[in-house]
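# Could you look at this predicted model? Sequence included:
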Amino acid sequence: MIKMEIQDDMISKSVELAQNIGADSILVLTETGKAYDKIREDFEDIDVIAMTPNEKTFEELSGKEGAKVIEFSVRDPTRTGQVRHAVWRGLGDGLLSPGDLIVCLIGEMGAQEGIDTISVYKISEAESTLAGVIESDPVMNSIVEIATELGWSGRKGEPLGATFILGDVEKVMNQSHQLGLNPFKGYEDIKITNRDNWELIRRYAFLDGAFILDGKGNVIAAGRFLEADADIDIPNGLGTRHLSAAAMTAATHAKAITVSGTDGKIRIFSNGEVLGRVDPRTKMLEEV
């Protein structure tokens with residue numbers, strides 16, 4: 001009974017907050033759909049969007065007239081990670097738009113309406129572009145996830161700098177050279193989309209040079225020195241790792257993800273430019 005009262009109070013407070021700040025929507029994480037249904041029934045003037053990792057709940061809610069539901073398969077253990085995935089998926093589904101101000105009701109993944117956090121999220125103008133690049137591509141999504149781990153606590157709790165080059169492998173390999181032994185040479189099925197391989201990838205992140213991956217997520221090489229020479233347009237103050245990654249994306253059709261060894265920030269590059277920057281602590285997009 002006490003738990004239900006707490007949940008009801010949090011729902012009421014989230015609606016009050018949304019009304020006070022003029023939020024565009026309330027985004028509620030729900031395993032069963034109960035919290036979402038309660039907001040829709042009790043507060044008809046509030047735009048509410050459900051996000052659920054539960055396939056059955058998604059089907060049940062989607063069948064209701066006027067329902068707005070986001071299904072996502074990534075069960076991120078962090079509250080901010082849950083919001084990020086839901087927002088990016090909502091942008092892709094057309095349920096959210098750049099510039100939206102949303103109130104988020106979130107909690108422990110897997111809990112039966114275990115809502116324990118209310119947060120406010122402002123969707124940046126650049127976020128739609130980055131969401132399209134990452135959420136639509138499971139390989140890119142996996143790279144960003146492991147890059148976030150390296151940026152947060154890669155080596156003894158400190159950021160571990162790294163570079164991942166994705167796609168256009170033949171051109172990338174022709175414009176780079178091996179700094180030492182390639183630990184992935186001869187292996188044909190080490191995919192970054194398989195979480196069982198993440199520890200192996202983290203193990204070789206200490207090598208100088210970049211990881212090279214094909215479009216299917218197979219790790220082709222590690223420890224590659226990038227030699228592409230191209231005109232690029234990136235912010236001042238970025239180091240050699242970022243410059244070489246940006247140049248490679250300008251000279252080829254590859255994309256690049258870098259992890260700063262200084263502050264752990266993750267940057268995504270395409271066509272010689274920075275598409276976006278992710279804070280490894282919050283897993284949220286920052287303005288470039």
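All right, it came through fine.
# the helices in the protein, which residues?
Defined through DSSP state H, the helices belonging to the chain, from first to last, are 2-21, 34-42, 55-62, 79-93, 127-135, 138-153, 169-174, 198-203, 240-251.
# Just give me the lowest mean pLDDT stretch among these.
The stretch with the lowest mean pLDDT among those is helix 127-135, which comes in at a mean of 69.
# among the helices of the chain, which is nearest Thr117?
Closest approach to Thr117 among the helices of the chain is made by helix 79-93 (5.1 Å; CB to CB). All C-beta spots, glycine's among them, are computed from the backbone N, C-alpha and C.
# circling back to that earlier point, could you save the helices of the chain as a markdown table and add columns showing distance to Arg224 and mean neighbour count?
Formatted as a markdown table, the entries for those read as follows, by distance: least, CB to CB, whole Å; neighbours: other CB atoms under 10 Å:
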| stretch | distance to Arg224 | mean neighbour count |
| --- | --- | --- |
| helix 2-21 | 48 | 14 |
| helix 34-42 | 47 | 19 |
| helix 55-62 | 40 | 15 |
| helix 79-93 | 29 | 22 |
| helix 127-135 | 22 | 20 |
| helix 138-153 | 15 | 22 |
| helix 169-174 | 8 | 16 |
| helix 198-203 | 14 | 15 |
| helix 240-251 | 10 | 22 |
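# With distance to Ala228 as extra columns, can I get the ones you listed in a markdown table?
As requested, the helices of the chain are arranged in a markdown table below (distance: least, CB to CB, whole Å):
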| stretch | distance to Ala228 |
| --- | --- |
| helix 2-21 | 46 |
| helix 34-42 | 48 |
| helix 55-62 | 43 |
| helix 79-93 | 29 |
| helix 127-135 | 20 |
| helix 138-153 | 19 |
| helix 169-174 | 8 |
| helix 198-203 | 23 |
| helix 240-251 | 4 |
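# looking at those helices, which is closest to Gly215?
When the helices of the chain are ranked by distance to Gly215, counting by CB to CB, first place goes to helix 138-153 at 7.0 Å.
# And that closest one, what does it pack against?
Using 3 or more CB pairs under 8 Å, 6 or more residues apart in numbering; DSSP states H and E as the contact test, the elements touching helix 138-153 are helix 127-135, strand 162-166, helix 198-203, strand 255-259, strand 266-270, strand 273-279.
# any idea of the pLDDT on the residue nearest to Val15 when sequence neighbours are not counted?
In space, Val15 comes closest to Phe43 once its chain neighbours are excluded; the distance is 5.0 Å by CB to CB, 6 or more residues apart in numbering. Per-residue confidence for Phe43 comes out at a pLDDT of 86.
# State the distance from Phe43 to Leu17.
As judged by CB to CB, to the nearest Å, Phe43 and Leu17 stand 12 Å apart.
# isn't Arg267 right next to Glu273, touching?
No. In this structure Arg267 lies outside contact range of Glu273 using CB atoms under 8 Å: 10.3 Å.
# Looking at those two, which is more packed in?
With neighbours defined as other CB atoms under 10 Å, Arg267 and Glu273 compare such that Arg267 has more, 25 against 15.
# Can you spell out which residues form a bridge with that one?
For Arg267, the beta-bridge assignment (DSSP bridges) gives partners Thr258, Arg277.
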